[in-house]
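Q: Whatever this is, show me its structure:
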Amino acid sequence: MEFNGQYLTYEEYKRLGGTLDLMPFNLLEYEARKKIDAKTQRRLVGNTNIPEEVKMCEYALINSINGYANSFKSISNSGNLASESIDGYSVSYITPSQVSEIIHSKDTEIDDVIRTYLTGVIYNNEHLIYVGIEW
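A: As a prediction, this is how the structure comes out:
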């Protein structure tokens, strides 16, 4: 599978201190790029001159998304076990509302990262994330 149109290349990612192997990076870069495209009204799609702020934003998003993915792997590997007590033998599991809170937290963090890195960035004489209203 070939990944084209990346905003942050694997070499750039590694120079910034990234530790993922190539394929996990490609998959997370694609997801991060789609998040950026959604918030920028696809203003960067098809362009090769990507601003440094976008590259840094994508690096932060890759790390954030990867962190959440690892959290969900940990939860799933534990059989959704939230806590366990030995003496009184008590077991509790993660509830659907807790999973929903984690997902909402992830979405909020992604929005915050994009807003932090891309607010005020002008590309082709347009603000990257301005859509006429505050979000």
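
Q: What segments of this structure are helices?
A: Along the chain, the segments classed as helices by DSSP state H run 10-15, 22-39, 52-77, 96-118.

Q: Looking at these, which is nearest to N4?
A: Nearest to N4, of all these, is helix 22-39, at 10.1 Å by CB to CB. Every C-beta, even on glycine, is put in place using the N, C-alpha and C of the backbone.

Q: how close does the residue lying closest to K106 once chain neighbours are set aside sit to L27?
A: Spatial nearest neighbour of K106, excluding adjacent residues (CB to CB, 6 or more residues apart in numbering): Y68 at 4.7 Å. For Y68, the distance to L27 (CB to CB, to the nearest Å) stands at 14 Å.

Q: quick one on the thing from earlier: and the helices of the chain, which one's lowest on average pLDDT?
A: Between those, the lowest average pLDDT goes to helix 52-77, which shows a mean of 81.

Q: can I get the helices of the chain in JSON lines with distance to Y130 and mean neighbour count?
A: Below are the helices of the chain laid out as JSON lines (distance: least, CB to CB, whole Å; neighbours: other CB atoms under 10 Å):
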{"stretch": "helix 10-15", "distance to Y130": "26", "mean neighbour count": "14"}
{"stretch": "helix 22-39", "distance to Y130": "10", "mean neighbour count": "17"}
{"stretch": "helix 52-77", "distance to Y130": "14", "mean neighbour count": "17"}
{"stretch": "helix 96-118", "distance to Y130": "10", "mean neighbour count": "14"}
